[in-house]
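for reference, the sequence and a predicted model appear below.
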Amino acid sequence: MSIVRKHPVMLLVIAGSAAAGAVYAYMAGEDINWDWQNYHDYAGFALVHGRFDVDVAPGGFQSFLNPLIYLLPYMVRHGLGAPWWGIALGALHGLNLAVVYWVTRVLLGRAADIWTLAAALLIAALSPMALSEVGTSFADILTTLPILAAIALMFSAEDDTPSMRHLLAAGVLIGAATGLKLTNASFLIAAGVSLLLVVRPWRAVLAFGLASAIGVVVTAGPWALKMARDFGSPLYPFYNTIFRSPEAPQISIVDTRFMPAGLLDALAYPFYWVVGRHPSSEWPFRDPRFAVAIMLLAALVVTGLWQKREVLQLRDRRLITFFWVGYVLWMLAFSIQRYLMPLELLAAPLIVLLLLRLIEAWREAPPASSRAAQAVVVSVALVIALASQPTDWMRRPWADPYRPLLAETLQQPATVLLLQKPLGYVTSFLPAGSRVYQLSELVVPIVPGGVLDRRVRAGLADPLPGGVWALYYSESPADNPPRLDVLGEYDLTIDGSRRCERIAGADGTDITACPVVAATRRAAPTAGLRPSTSAD
């Protein structure tokens, strides 16, 4: 609250940021991203309704990620009508701009005026990945809030010696963000490394480390204990070469699709993003921020060598250390663009800061009093904003919100077998008391005789009034066919004597729901064929 009391304009910034996020979410439409369809919605649903011990991974192996971060999006989406839930989430996500404003004031100090602050906000507001997630179920944009707030606290001391109170608060914030989403560990480590540049570094690192550990334990501890109790690994099914749970393959689950091919390729990534190449993302985007930051930093290094003096302050060097250590760790671990969002937004005040330092190095007058400097900063911000293009994670128009209707034959509690992904979102609108088992997972298949296999077999042996149904998409791409063959592993087959039903899918592709019977009781041969549906 001290930042609000000290700068009353912060209240207007907070309101404006929330309003901007709300308006954008309304204009963008209803979120139906692939991960929401797969496991985001299910995670919140299962946490609210206690379904983790009933179902079998409706969202595939991602069902075992910490669900706590998806609770709020689920409750807002299912508690408010359309488009209000999207507007509410958009307003929350828009607060990232208010935090960027706070960080910018902290970093620029006396150079923070209406023009430099506006430039930073403009760069941040058009950040491609952040903008694409406004009003969605993604966790990246939520956890960016505490990470950026932690940065503001860590750099708030003008004498480059963070107060113990700010260090502890920053540690808890970044630790909590990491516990909620483990990919944020890159920024937790980077923050610790940046503290090595302060006065009495080991005291600062120790305090920050202890506080961050508390944040991690509070947000991730209960889930880790459950995973250890149920499957023998606190991070099940990840890092199983270390924890060796018998319920998962002895491999490390790593998505290598976005990793650079080598050092030169890695160095080129920021410049790929400028021209729209997207090796780090499934979908196209354009982002010049990292390339601009690299060029400005290179210009400052050359300037310092030319002038034979230090052109960057100690706090500047701490910020640069945090930024690039976090970036390198991100690239080594993931290279997935969404996970870089804290740095994408932090790039806004960093670029403005580097520009001011560069102008200051070549001018005698301080940049804060120079209209020319202000014009340069605003012009660069405009160019960056105009050169940016957000990606698209799939949305529906608010005029046609997703409200699936179930056929009468599907309105009793049933055992539902998922034979394809993403179908986890179906779980939340099935009749209460239904059980949902995902049988098509390839990365972490159900281990014969294991905990999940026994759960499936016990559920099949205890019939529900609605019977057993198999779900898969009516139209499937060649690289993602439904796994009808897995029914045989449980001595099941599609009941060819009864009609299949159709369920409207969120992305416009219908879902086929077919009745299932024991293979020894099947009424008609169906091998290699799909039964007709009520819509055929």
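Done, it's in.

number of nearby residues for residue 269?
20 (other C-beta atoms under 10 Å). No exception for glycine: its C-beta is placed from N, CA and C like everyone else's.

next one: it from residue 156, what distance?
31 Å (C-beta to C-beta, to the nearest Å).

residue 237 too?
40 Å.

more crowded one of the two?
residue 237 (25 against 19).

tell me, how many residues neighbour the closest residue in space to that one that isn't next to it in sequence?
Counting by C-beta to C-beta, 6 or more residues apart in numbering, residue 237 lies nearest to residue 248, which is 3.6 Å off, once chain neighbours are set aside. By other C-beta under 10 Å, 24 other residues sit near residue 248.

so for residue 248, what's the pLDDT?
Per-residue confidence (pLDDT) for residue 248: 94.

find the centremost residue of the chain, please.
By C-alpha atoms, centre = their mean, the mean C-alpha position of the chain lies nearest to residue 140, the distance being 3.1 Å.

returning to that earlier point: touching, the residue nearest to residue 237 and residue 446? I think so.
No - using C-beta atoms under 8 Å, residue 248 makes no contact with residue 446, being 10.2 Å away.

in three-state terms, how would residue 464 be classified?
Put simply, residue 464 is coil when judged by DSSP: H, G, I helix; E, B strand; the rest coil.

check contacts around it.
412, 413, 414, 415, 433, 434, 435 (C-beta atoms under 8 Å, 6 or more residues apart in numbering).

secondary structure element for residue 320?
For residue 320, the host element (DSSP states H and E) is helix 314-333.

so which residues of the stretch 251-400 of the chain form helices?
263-275, 289-307, 314-333, 341-362, 371-386 (DSSP state H, counting those that start in this stretch).

need those helices in JSON lines with distance to residue 213 and mean pLDDT, can you?
Conversion of the helices of the stretch 251-400 of the chain to JSON lines gives the following (distance: least, C-beta to C-beta, whole Å; pLDDT from 0 to 100):
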{"stretch": "helix 263-275", "distance to residue 213": "31", "mean pLDDT": "97"}
{"stretch": "helix 289-307", "distance to residue 213": "30", "mean pLDDT": "96"}
{"stretch": "helix 314-333", "distance to residue 213": "18", "mean pLDDT": "96"}
{"stretch": "helix 341-362", "distance to residue 213": "20", "mean pLDDT": "96"}
{"stretch": "helix 371-386", "distance to residue 213": "37", "mean pLDDT": "93"}
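
show me where pLDDT drops low in this protein?
1-7, 159, 364-369, 521-536 (pLDDT under 70).

which strands border the lengthiest strand in it, and is each parallel or antiparallel?
Taking DSSP state E as the criterion, the chain has its longest strand at strand 511-518. Here strand 511-518 has these sheet partners by DSSP bridges: strand 468-473 (antiparallel), strand 492-494 (antiparallel), strand 501-503 (antiparallel).

name the residues of the last one that are buried.
The reference is to strand 501-503. Across strand 501-503, burial judged by 16 or more other C-beta atoms under 10 Å covers 501, 503.

make a markdown table out of the strands paired with strand 511-518 and add distance to residue 386.
Shown next, in a markdown table, are these (distance: least, C-beta to C-beta, whole Å):
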| stretch | distance to residue 386 |
| --- | --- |
| strand 468-473 | 39 |
| strand 492-494 | 54 |
| strand 501-503 | 43 |
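
for residue 174, find the nearest of those strands.
strand 468-473 (39.6 Å; C-beta to C-beta).

ok, and what's touching the closest one?
410, 414-420, 423, 426, 460, 482, 484, 487, 492, 494, 503, 505, 509-517.

give me the buried subset of those.
Using 16+ other C-beta under 10 Å, the buried ones in the contacts of strand 468-473 are 410, 414-420, 423, 426, 460, 482, 484, 487, 492, 494, 503, 505, 511-517.

need the contact list for residue 153.
Contacts of residue 153 were listed using C-beta under 8 Å, 6+ apart, and they are 162, 166, 167, 169, 170, 173.

closest to residue 205 out of the residues you listed?
Nearest to residue 205, judged by C-beta to C-beta, of the contacts of residue 153 is residue 167 at 9.2 Å.
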